[in-house]
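J.: I'll drop the sequence and a predicted model, then ask my questions.
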Amino acid sequence: MISVIIPVYNGENSLRCCIDSLLLQTYKNIEIVLVNDCSTDKTLEIAKEYIPQLKKEDIPYKIIDHEENRGAPTSRNHGFQGSKGDYVIFCDADAVLEKDCLFEMLAALENHPEASYAYSSFYWGKKLFKLWPFDAKKLRQMPYIHSNSLIRSRDFPKTGWDENIKKLQDWDLWLTMLDEGHVGIYVEKVLFHVCTGGTMSNWLPSIAYKLAPFLPEVKKYKKALRTVKEKHGMVLSEDEKIMKKR
């Protein structure tokens, strides 16, 4: 069984599309664990709307409702703790999966027992992120694998998602798994797209990091980049060394 964990905060504009895409999956042996991170909009109401349909289709469905906002890493960890599947995918609430997404990722893992997780290319709004076969060296140089990847539950780190890291959480997770000897397998297909404007996912074009270093999002990104590098014993750039001293 695949456990689909959905961390969501104020996701009323995207949650229906996300859950609907799960109901259309060609692979049916799933459970859905939705973690509502103290949303202030209609997220919880929308989540509960699906209870009758999921019961009818015999799809296990659990809603974990936080009484205070804890952040995505904590939500993902709580979701994993409440899951039962042999495989798990952390599906952001603003992600819409292609109907064969889970089938293709599971097939890749079944065909490659040496791999601990499967990942694919994806669209971010209209921008295509076309990825490449797993490369440990490249992973230590840059973040390129999205959190919407299928993981063998037995290989998920005991430490879980690092709740102290606010950005680049997925890069930190894959690096932690790499440190533990776990690698990924690439599915050469576009298996999902991320809706822009959501609260779970955000992205800035690379030019912004060069021309607008004063932007709050850029500053947060660079700080997170330095934090992850230090955690995993990676070499800091000269600019990162200077920023660390400030």
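T.: Great, that's in hand.
J.: Assign the spatially most central residue of the chain to helix, strand or coil.
T.: For the chain, the residue nearest the mean C-alpha position is Ser147 (2.4 Å; C-alpha atoms, centre = their mean). At Ser147 the chain is in coil, as set by DSSP: H, G, I helix; E, B strand; the rest coil.
J.: Wait, Phe129 touches Ser121, no?
T.: Yes. Phe129 sits in contact with Ser121 when judged by C-beta atoms under 8 Å, with a separation of 6.0 Å. C-beta coordinates here come from the backbone N, C-alpha and C atoms, glycine included.
J.: In the chain, where is pLDDT below threshold?
T.: Within the chain, the segments meeting pLDDT under 70 span 197-219, 236-246.
J.: what's the distance between the lengthiest helix in it and the middle of its chain?
T.: Longest helix of the chain, by residue count under DSSP state H: helix 216-231. Its chain's C-alpha centre and that of helix 216-231 lie 18 Å apart, by C-alpha atoms, centre = their mean, to the nearest Å.
J.: so who does the residue nearest to the centre of the chain touch?
T.: Contacts for Ser147 were tallied using C-beta atoms under 8 Å, 6 or more residues apart in numbering; they are 76, 90, 92, 169-170, 173.
J.: next one: Leu139
T.: With C-beta under 8 Å, 6+ apart, Leu139 has these contacts: 145, 174-175, 178.
J.: Looking at those residues, which are in helices?
T.: Among the contacts of Leu139, the ones falling in helices (DSSP H) are 174-175, 178.
J.: What are the phi and psi values at Asn77?
T.: With angles defined as degrees, to the nearest 10, Asn77 sits at phi -60, psi -40.
J.: Could you do Ile19 as well?
T.: phi -70, psi -40.
J.: Would you mind measuring from it to Ala47?
T.: 8 Å (C-beta to C-beta, to the nearest Å).
J.: And the strand ranked longest in the chain, what's buried?
T.: Scanning the chain for the strand with the most residues, using DSSP state E, yields strand 183-194. Going by neighbour count (16 or more other C-beta atoms under 10 Å), the buried part of strand 183-194 is 183-187, 190-194.
J.: Against which helices or strands is that strand packed?
T.: Applying 3 or more C-beta pairs under 8 Å, 6 or more residues apart in numbering; DSSP states H and E, we find strand 183-194 packed against strand 95-97, helix 101-111, strand 115-124.
J.: and the angle from the helix or strand hosting Ile32 to helix 101-111?
T.: Element membership for Ile32, per DSSP states H and E: strand 30-36. Per axes from the mean of the first three to the mean of the last three C-alpha atoms, to 10 degrees, the angle that strand 30-36 makes with helix 101-111 is 120 degrees.
J.: Give me the helices and strands touching strand 30-36, please.
T.: strand 2-8, helix 15-23, helix 43-49, strand 61-65, helix 72-81.
J.: Double-check Val8 against Asp41; I have them as touching.
T.: No. Val8 lies out of contact with Asp41 (C-beta under 8 Å); the separation is 10.1 Å.
J.: Counting neighbours, go ahead and name the busier of the two.
T.: Val8 (28 against 14; other C-beta atoms under 10 Å).
J.: For the more buried one, name its beta-bridge partners.
T.: With DSSP bridges as the criterion, Val8 is bridged to Asn36.
J.: how far away is it from Arg16?
T.: Noted for Val8: a distance of 11 Å to Arg16, by C-beta to C-beta.
J.: and Lys42, how many neighbours?
T.: 14.
J.: measure it to Arg16 for me?
T.: 10 Å.
J.: okay if I get the contacts of Leu139 as a markdown table plus distance to Asn36?
T.: Shown next, in a markdown table, are these (distance: C-beta to C-beta, whole Å):
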| residue | distance to Asn36 |
| --- | --- |
| Ile145 | 26 |
| Trp174 | 26 |
| Leu175 | 29 |
| Leu178 | 31 |
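J.: so can I have JSON lines of those residues showing distance to Lys158 and neighbour count?
T.: Putting those into JSON lines (distance: C-beta to C-beta, whole Å; neighbours: other C-beta atoms under 10 Å) gives the following:
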{"residue": "Ile145", "distance to Lys158": "20", "neighbour count": "18"}
{"residue": "Trp174", "distance to Lys158": "16", "neighbour count": "26"}
{"residue": "Leu175", "distance to Lys158": "15", "neighbour count": "21"}
{"residue": "Leu178", "distance to Lys158": "15", "neighbour count": "17"}
